[in-house]
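> sharing a model that was predicted from the sequence below.
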Amino acid sequence: MKQELVLITGMSGSGKSVALHALEDAGYYCVDNLPPELLLPFVQLEQQHSASKIAIAMDVRSAQSLPLVPAQLAHLRALDVDVRMLFLDATTEILVHRFSETRRRHPLSRKDDEFVRDQQRDLVEAIELERELLSELREESHIIDTSLLRSTKLQSYIKSLISAPATQLTLMFESFAFKRGIPVHADYVFDVRMLPNPHYEAALKPLTGRDEPVAEWLAAQASVEKMAEQISHFLETWLPDLNHDHRSYVTVAIGCTGGQHRSVYLVELLSQRFAKSWITLKRHRELDITP
C-alpha cells in the first residue's frame, strides 16, 4: 500500500492539536512537534514497520530547521510517498483572544539568543514574527482558516479533506459572508452581492440557500444562473492547468452579504455540477459557526 503523509503546520493557537486528533481518529499514526531533522528517517522507519498513514505536526518551536522541510518533502515524493501539507491559520485578533483565554505563553513570547536575551516580546509581535518564519511552508500548503471554526467543525473538515485521493485535485467550494471577512485560504473569490437577495422576502429570510423555497426562488432569477455559468466557465477553463501543475486543493470562495442565501445556493449548485468531473467538497462558513 502506498504510504501517505499529512504534514500539519500553522500558527500557534490555530488548532493543530485538534487537527492531529482528527487524523488519529481517521487511522493515522500521529506525531506532534517532530523536529524537521527527523522527518526523513522517521518516515523511512515507519515504512519498514508498514505504517501506511502518518500525520506529523510541526510548529515554530522548530524554526531554526523549518527551512529543511520543503527539500525533505520533495525527496519523499520522489520515493512515491503521497504528501499533503495543511497549514492552519487564523486572524491575529482571534489568536490574541485565544491566548488571552487560555493564558498560555506564545512560543516566541521571549526573545532567544538570536535576539535580546530575557526581554519579553509583545504577543502581537510574536504572532507576526511567527507568520514570517512560517511563510514558506504556508505558500506550499492548503490553508485552513480556523478563525470562525468550532473544534468539532474543524475535525470534520480535516476528515473530509484527507478522505479525497491525494493523487487528484480536490475542488473545495465555500460560501461566506463579506461582513465577516474574506477567507484567508481562498484561491479564488467571487462576489455575488449584486444578485437578487432572498433576505428581503419575508418568507425566505429565516431560511438558507440549502432550503428548497430559497433554491427555487434563486433558480428563477436569470442573473443568478448567469453568474453560475460564468463561474463555471472560468473553472472549466483553468482547472485542467491547475491539475497539471500538481495542485492538491483549489478553494473557490463565493461571498454574499450574510453568507446565508445566495452564496450558499451557488456553492450547492456548483459543487453538484463539478462533482461529475472533479473530486468536490463544499463548506458553508457562516452556517458552520451557527450553534
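Yep, it's here.
> where do the helices sit along the protein?
16-25, 39-48, 69-78, 92-102, 123-139, 151-163, 212-219, 222-244, 262-274, 285-288 (DSSP state H).
> closest one to residue 198 among those helices?
Of all these, helix 212-219 sits nearest to residue 198, with 5.1 Å by CB to CB. Every residue, glycine included, has its C-beta placed from N, CA and C.
> how far is that closest one from where the chain is centred?
29 Å (CA atoms, centre = their mean, to the nearest Å).
> now that helix: mean pLDDT?
Helix 212-219 shows an average pLDDT of 98 in the prediction.
> what's the angle between it and helix 262-274?
80 degrees (axes from the mean of the first three to the mean of the last three CA atoms, to 10 degrees).
> show me what counts as buried in helix 212-219.
Across helix 212-219, burial judged by 16 or more other CB atoms under 10 Å covers 214-215, 217-218.
> out of the helices of the chain, which gets nearest to residue 186?
Going by CB to CB, the one of the helices of the chain nearest residue 186 is helix 285-288, 10.3 Å.
> what are the buried residues along the closest one?
Using 16+ other CB under 10 Å as the burial criterion, the residues of helix 285-288 that qualify are 285-286, 288.
> ok, now stretch 68-79?
Buried, per 16+ other CB under 10 Å, within stretch 68-79: 69, 72-73, 76.
> check the spatially most central residue of the chain and give its pLDDT.
By CA atoms, centre = their mean, the chain has its centre lying nearest to residue 144, at 2.1 Å. Note for residue 144: predicted pLDDT of 91.
> can you name the residues bridging to it?
When bridges are called by DSSP bridges, residue 144 pairs up with residue 88.
> any idea how the chain splits into domains?
4-163, 170-288 (automatic domain parsing).
> would you single out the least confident of those domains?
Among these, domain 4-163 carries the lowest mean pLDDT, at a mean of 86.
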